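A.B. asks: generate coordinates for the sequence data below:
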Amino acid sequence: MTQDTPTAKARAVGINHVALEVGDIDEALEFYGKILAFSLRGRGETSAFIGMGDQFIALFKGGSGAKDTGRHFGLVVDDPAKVRRALEDIGVEIMPGPGLDFLDPWGNFVQIVNYEKIQFMKTPAVLRAMGLDDLEKTAEARREIAEKGFAAD
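C.D. replies: Below is the predicted model of the structure:
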């Protein structure tokens, strides 16, 4: 694969939000509120926006209800063990395998990812605003970040 020069095409910079189809906005907010602490960015009759610092999850009322184990998104959290306990407490089936994967009540496939172990980084200002300025990266994640040239100056 060849790389184009930076001026040839727009470069992907990140993900602003992920949109999920849910059957009912109130039920979706209640479900995700049982497993995650979050602030609500906005709310309408057929939509709601769960804040994650400089990103968000958009919930939209829909009706397909199709379950999906191929298409998915990875939700980064500070403590996957807390999510696992919350999912178990409310009776959500955790999918087999080494990670923490589940289907929400509307069939959306969610992978829970530990912030400390991945290359994804929030800026110190965003972490501070989220009350998460004590989050650390593992040595392996820091090495991978440095190898890609993403280490902080």
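
A.B. asks: alpha carbons only for contacts and neighbour counts from here, please
C.D. replies: Will do.

A.B. asks: just the C-alphas of the host helix or strand of residue 73, formatted as CSV.
C.D. replies: In the assignment (DSSP states H and E), residue 73 maps to strand 72-77. Taking Å, rounded to 0.1, in the frame of the first residue of the first chain, the C-alpha atoms of strand 72-77 are listed here in CSV:
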residue,chain,number,x,y,z
HIS,A,72,-18.9,-3.3,16.4
PHE,A,73,-17.2,-0.5,18.3
GLY,A,74,-14.6,-0.5,21.0
LEU,A,75,-15.6,1.6,24.0
VAL,A,76,-12.6,2.8,26.0
VAL,A,77,-13.0,2.8,29.8
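
A.B. asks: neighbouring strands of it in the sheet, and parallel or not?
C.D. replies: Strand 72-77 has its sheet partners listed here by DSSP bridges as strand 109-114 (parallel).

A.B. asks: follow-up on the earlier one: buried set for the strand holding residue 73?
C.D. replies: Using 16 or more other C-alpha atoms under 10 Å as the test for burial, strand 72-77 gives 72-73, 75-77.

A.B. asks: residue 33 and residue 95: what is the separation?
C.D. replies: Using C-alpha to C-alpha, to the nearest Å, residue 33 is found at 20 Å from residue 95.
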